[in-house]
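Engineer: sequence first, then the predicted structure:
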Amino acid sequence: MDFDYNDEQKMLKQGAREFFEKECPKSLVKQMMEDEKGNPPELWKKMSQLGWLGLIYPEKYGGGDGNMIDLIALEEEMGRACLPGPFLSTVLLSGLFILHNGSEEQKKEILPKIAGGQLILTLALTEQSDSYEASAVSVEAKAEKDDYIIDGTKLFVPDAQIADYIICIARTKKGDKPEDGLTAFLVDRKTPGITITLLKTLAGDKLCEVVFNKVKVSKKNIIGKLDQAWGPLQQTLQQVKIAQCAEMVGGAQRALELAADHAKKRIQFDRPIGSFPVIHHLIANAMMDVDACKFLTYEAAWKFSEGMPCAKEIAMAKAWTGEAYQRTAAMGHQVLGGIGYTLDGEMHLYFRRAKSGELTLGDGKFHREALAKELGM
Amino acid sequence: MNMIVCIKQVLDPEAPLSSFKIDPATNTMVPVTSVPFVISPFDEQAVEAALKIKDAKGGKITVISLGVNLLRDVVKKPLSLGADELILLEDPAFIGGDSWSTAYALAAAIKKVGQFDLIFCGRQAADSDSGQVGACIAEILGIPQVSVAKKVEAIDGKVKVDKVTTDGYEVVEVPTPALITVSNELGEVRFATFKGTMASKKKEPIIWKPADIGAEPAKIGAAGRRIKTRKLFQPVRDSKCEIIGGETDEDKAANLAKKLVEVKLI
Amino acid sequence: MADNKGVMIFVEVIDGKLTNIAQELLGAGRKLANDLSEELSALIVGSGVANIAPEAIAYGADKIYVVDAPLLKDYRTDAYVAVVEKVVKQVNPRILLLGQTTIGRDLAPRAACRLITGAILDCIALDIDTATKQLLITKPVYGGNARAVYSMETLPQVATVRAKAMTALVPDSSRKGQVVIVDAGLDPAAIKTNVLQKVVAETTGIKLEDASVVVTGGRGIGGPEGFKQLEELAKVLKGAVGATRPPCDAGWAPDTIQIGLTGKIVSPYVYIAVAVSGASQHMAGCSGSKNIIAINRDAEAAIFKEARFGVVGDWKKIIPAFEAKVKELQSK
């Protein structure tokens, strides 16, 4: 079994590492946490020029024909760099959903522009409860001749404040199950009735409240089939979770490195603190945690790219990685001691992102449920 | 334009000093922890110089690397950036040499490649810092050389080079074929696009052994050395730094000023 | 084959005088020649350079070989390599030394290759191995992290020497020496290099290599504006501004003020390193400084192992406050 990336993926990964070291220093990351837009335009442009925004799309839509393994190689480095910006919301959540469910016209219209760095999109799913269950969707879309009127509030929508389009998951019909009767609408941000409020979050990620106040959308802007968005949406979310896990793996790896480097250099009690058994165990635990995340993620990515069923693997990767990343960052803070506590350092960036990573797209509890279901419980 | 670039795989020169120790048996620095391999940084600039000319005038770039255990994801990088062909002189007989025996092998390989207009080399390798392979290749092939270039422009049958001098630069023109050594003043090296990286999958490296390039065994690698390494050591750093303290950064600064005046440094 | 004897120094001339490095080379060569009980000669190549001979003798040479021709006015590889080849085959020195200069780093390897011998560039120490009479050449390797000592059996043994690594003798104008004029013997058609233009970067104020105070900015300066602050401080201290490689590569500072292994070598009385990590490549350019002062926010930065005084903190706050205090103390 070869668990390694191939030569080209290694080159992509190393190139991305060097690129982000240069173009996305931690000083920029910290700046973006305070910034309202949170997406440095030069950086987004350069990433599009390198073909990274369109990496996962087919060439005919302006993409690079890359596969999931190529994508996660890049995602690891994004996580390491604490890359700010709407990659998840635009390229993955929105772009992949349109790729797999949109009409040919929608795909041709939007995907090349995402790849070219010209359009920002997001997907509005969660509401007040921040739950990823279908029952949590209460925003409604009522038919009115050739349009739909969307009304309700979405919460924790990533990057809505800079989005050109918002894909809104709204209830168009009351079905037998909450999963029935949901539709995806491509809504132009400029449509009257939309109010977006940026929330101040722990990780500086740009989550928004989006109020749809009788927002009129043409039925032509439905992505996929009316009333049948849930299934396709889940498929997209599954794919995006793998990428999200890879990003967390990259961050966890870096947090571990920072802690280990510090332990080797920091002299206290007349010796490097890394020579004490307690530190050995902390580091060793983190090494096991990071490798576990890595290989769970790699397995999910590989199976996905081979078209094999991987719901179990994705659930495990997501549940484990979100928590392991937090453990690793917490360990990092422990090892770094006082110096790790100050905002001057980097560790807190990983600590915050570990938390937001856990919560994004469903936390450990949510995915344990999914796992239990896999075993028929 | 037919261009050749010579690159060397080295242990990452940016790795912390603590990652290395000196092996007195071989008089080389060996890693104690895992240190990644990279292309020697000035050689990356040499690749960039060739790519700039390919952008402007078109042409073919052949990259040659001499060594053993050449990691494909390291030495294929120029292919992902736009180079066309990679030739590896991969054989134990090639290694352990000095600038002359290395240049001799590279020159023999270049002769086998055939017609070329320009050869690019980094000004010095990150490990040996010897800075001579380029000039030796040029001498063996009997072609003009320009050292330490910051800008290279190809004009019909000639090349115009801005070469770095102590207090500025000189603009020098030589006829092609010629050899140029490149320095970091050339500017930043480009990053590979996703498509470029994936395209390098199709470009399999060509491997040449000493017999393939007609190299005389006594002139290559360790056998062909003129220079003997007597010793390799690390200079002992013995200085005690007095850290000037203070409540705030501004206090520290004021205290530093006072101290420097006190010891008559300023 | 004639026996190789003597030490020969390729000396460079600027504005009618020997360069500093040429003077230092003659000092080093004199010692080697004495150790070998052999002659020290200087090789002067150029146009209108014959009048340097007396100065070269005063700095230690016994014999001066002058190759003076209009074709040699500007350094061109093909011309100078041919001249060096001719003179070396005529004189057969045991050792040939050049400065690690724009010329030396280009001329030495090619000349050595043509003469079927070896060369070592950028050396910082030269000694004679008494057992074999071979030259022991020490140079920095691995980006300055280590030192290697080399020798060779082929002759002449060629080396280029780093600036300020050797010491010039006190010039003694009473010294006597012999001048030998050598015909360049060049075929103009064989010289293919054309020097089109020479551009000297404009320097305001004190030249970096001559300044007794240098203020250097590193990667942590973050942009060109920071360097303006350092210029202000340098002015107050009557010094010059330098940079490590990353700021130069990023375009925040001109390449001509890059201090390091492949940049300028400086040895001022006071060297203030601001937001400089202390990587070996950089230290190679400034380790000759008498007093290094380091300002860095990272207490673990390597620079603190090289410095005499250090401040751990944010340079953006430290430098203005430092400058203000210095001005205040200066006015007293």
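Structural biologist: Received the coordinates, thanks. Numbering: from 1, shown residues only, chains lettered A, B, ... in the order given.
Engineer: for chain C, which residue is closest to the average position?
Structural biologist: C:A163 (2.7 Å; CA atoms, centre = their mean).
Engineer: enumerate every residue touching A:E209.
Structural biologist: A:153-155, A:157, A:196-197, A:199 (CB atoms under 8 Å, 6 or more residues apart in numbering or on different chains). For the C-beta atoms, the positions are set from N, CA and C on the backbone; glycine is no exception.
Engineer: same question, C:G310
Structural biologist: Counted by CB under 8 Å, 6+ apart, C:G310 has contacts B:241-244, C:293-296, C:303-304.
Engineer: now do the same contact list for the closest residue to chain A within the stretch 1-150 of chain C.
Structural biologist: At 17.4 Å from chain A, C:N145 is the closest residue in the stretch 1-150 of chain C, using CB to the nearest CB. Counting by CB under 8 Å, 6+ apart, C:N145 touches B:17, B:20, B:29, B:234, C:280.
Engineer: just checking, the third one touches B:D127?
Structural biologist: Same thing as B:M29. Yes: applying CB atoms under 8 Å as the test, B:M29 and B:D127 come out as touching, 7.3 Å apart.
Engineer: quick one: name the residues of the stretch 201-332 of chain C near chain B.
Structural biologist: Counting by CB under 8 Å from any CB of the partner chain, the residues of the stretch 201-332 of chain C lying close to chain B are C:201, C:203, C:213, C:237, C:245, C:248-249, C:255-256, C:261-262, C:264, C:269-270, C:280-281, C:291, C:293-294, C:302, C:304-314, C:317-322, C:325-326, C:329.
Engineer: return a ChimeraX selection command for the buried portion of the residues you listed.
Structural biologist: Applying 16 or more other CB atoms under 10 Å in any protein chain shown to those, the buried members can be selected in ChimeraX as follows:
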select /C:213,237,245,248,249,255,256,261,262,264,270,280,281,291,293,294,302,304,305,306,307,308,309,310,311,312,313,314,317,318,319,320,321,322,325,326
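Engineer: narrow the residues of the stretch 201-332 of chain C next to chain B to those in strands?
Structural biologist: If you go by DSSP state E, those have C:213, C:270, C:291, C:293-294, C:309-312 in strands.
Engineer: A:M377: neighbour count?
Structural biologist: Number of residues near A:M377 (other CB atoms under 10 Å in any protein chain shown) recorded here: 7.
Engineer: A helix includes it, no?
Structural biologist: No: if the criterion is DSSP: H, G, I helix; E, B strand; the rest coil, then A:M377 is coil and not within a helix.
Engineer: quick one: residues contacting the residue in the stretch 101-250 of chain B that chain A sits nearest to.
Structural biologist: With CB to the nearest CB, the shortest gap between the stretch 101-250 of chain B and chain A falls at B:F194, namely 3.5 Å. Contact analysis of B:F194 by CB under 8 Å, 6+ apart lists A:12, A:50-52, A:54-55, A:64, A:66, A:70.
Engineer: with C:L36 instead?
Structural biologist: Contacts of C:L36 by CB under 8 Å, 6+ apart are C:7, C:94, C:128, C:133.
Engineer: can you report how many residues lie near the closest residue to the third one other than its chain neighbours?
Structural biologist: It stands for C:I128. Of all residues not flanking C:I128 in the chain, C:D35 sits nearest, at 4.5 Å (CB to CB, 6 or more residues apart in numbering or on different chains). Counted with other CB under 10 Å, residues neighbouring C:D35 total 15.
Engineer: then C:V200?
Structural biologist: For C:V200, the count of nearby residues is 12 (other CB under 10 Å).
Engineer: my guess is it meets B:D167, correct?
Structural biologist: Yes: between C:V200 and B:D167 there is a contact under CB under 8 Å: 5.3 Å.
Engineer: mind checking how far the lowest-mean-pLDDT helix or strand in chain A is from the chain centre?
Structural biologist: Using mean pLDDT, DSSP states H and E, strand A:267-268 stands out as the lowest-scoring helix or strand of chain A, at a mean of 86. Centroid separation for strand A:267-268 versus its chain: 39 Å, with CA atoms, centre = their mean, to the nearest Å.
Engineer: ok, it: who's next to it in the sheet?
Structural biologist: Strand pairing for strand A:267-268, using DSSP bridges, gives strand A:271-272 (antiparallel).
Engineer: run through who's touching the strand it pairs with.
Structural biologist: A:263-266.
Engineer: again, only using 10 Å
Structural biologist: By CB atoms under 10 Å, 6 or more residues apart in numbering or on different chains, the residues outside strand A:271-272 that reach it are A:262-266, A:279.
Engineer: residue 279 - how many residues pack around it?
Structural biologist: The chain I'm using is chain A. When neighbours are counted by other CB under 10 Å, A:I279 comes out with 21.
Engineer: not quite, I wanted chain C
Structural biologist: So C:A279, with other CB under 10 Å, has 25 neighbours.
Engineer: so it makes contact with B:P13?
Structural biologist: Yes: the criterion here is CB atoms under 10 Å, and C:A279 meets it with B:P13 at 9.2 Å.
Engineer: overlap in contacts, these two.
Structural biologist: Joint contacts of C:A279 and B:P13 (CB under 10 Å, 6+ apart) are C:143-145.
Engineer: am I right that A:R254 is in a strand?
Structural biologist: No: under three-state DSSP, A:R254 sits outside any strand and is assigned helix.
Engineer: any idea how far A:E374 is from it?
Structural biologist: Shown here: A:R254 relative to A:E374, a distance of 31 Å by CB to CB, to the nearest Å.
Engineer: having no further points to raise, I will conclude here.
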